[in-house]
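Peer 1: here is my input, please return the structure:
(chains A and B)
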2 protein chains.
Amino acid sequence: MKAKIVITPKKAVLDPQGKTVQNALEHMGYAGVTGVHVGKYLEIDLAAGTDRAAAEKALHEACHRFLSNPVIEDYRLEVVD
Amino acid sequence: MKAKIVITPKKAVLDPQGKTVQNALEHMGYAGVTGVHVGKYLEIDLAAGTDRAAAEKALHEACHRFLSNPVIEDYRLEVVD
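Peer 2: Numbering: from 1, shown residues only, chains lettered A, B, ... in the order given. Below is the predicted model of the structure:
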């Protein structure tokens, strides 16, 4: 079982890294890019036989406590087989 | 239209950030984590009316040229509406 977590800056928060990538894309001739958001991606391998619901609950808690910063970041958590 | 790009270190490459997160999870009492991989996530907003196939081709090229480092990283690109 695997958990996939995507952490992105909230829309209202400045995203200088995204802005830089957007400028770079424009400079290199890629037109039609209206915005770029840069975030983090975590893939967490879970031991076989882990209870899915319990793992999800624990990971939501971990995301909230230290994997993301809830003040400035949103996260999406997905547990897949 | 939006492109979602996930960039992860190749399995054979050391991932110290992932190892650190794994240790932190263990220390904080989250059991059953057998591995953590940390990567980057990019969300690219594309102008309305962009040709999907052309955008995909351009983004694959951009991923290869400067969004990822193909020597040590893999990427997954997905274009969604």
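Peer 1: would you mind measuring from the residue of chain A most remote from its centre to B:Glu61?
Peer 2: Largest separation from the mean C-alpha position in chain A: A:Gly29, at 27.3 Å (C-alpha atoms, centre = their mean). From A:Gly29 across to B:Glu61, the span is 10 Å (C-beta to C-beta, to the nearest Å). All C-beta atoms are positioned from the backbone trio N, CA, C, and that covers glycine.
Peer 1: same question for A:Gly32.
Peer 2: Counting by C-beta to C-beta, the gap from A:Gly32 to B:Glu61 is 14 Å.
Peer 1: okay, those two: which has more neighbours?
Peer 2: Taking other C-beta atoms under 10 Å in any protein chain shown, A:Gly32 and B:Glu61 do not tie; A:Gly32 has more neighbours (18 against 13).
Peer 1: got the contact list for the nearest residue to the more buried one once chain neighbours are set aside?
Peer 2: Using C-beta to C-beta, 6 or more residues apart in numbering or on different chains and skipping the chain neighbours, the partner closest in space to A:Gly32 is B:Ala47 (4.2 Å). With contact set as C-beta atoms under 8 Å, 6 or more residues apart in numbering or on different chains, B:Ala47 has these partners: A:32-34, B:1.
Peer 1: residues of chain A that sit close to chain B?
Peer 2: A:6-8, A:18, A:21, A:24-25, A:28, A:30, A:32-47, A:50, A:55, A:58-59, A:62, A:65-67 (C-beta under 8 Å from any C-beta of the partner chain).
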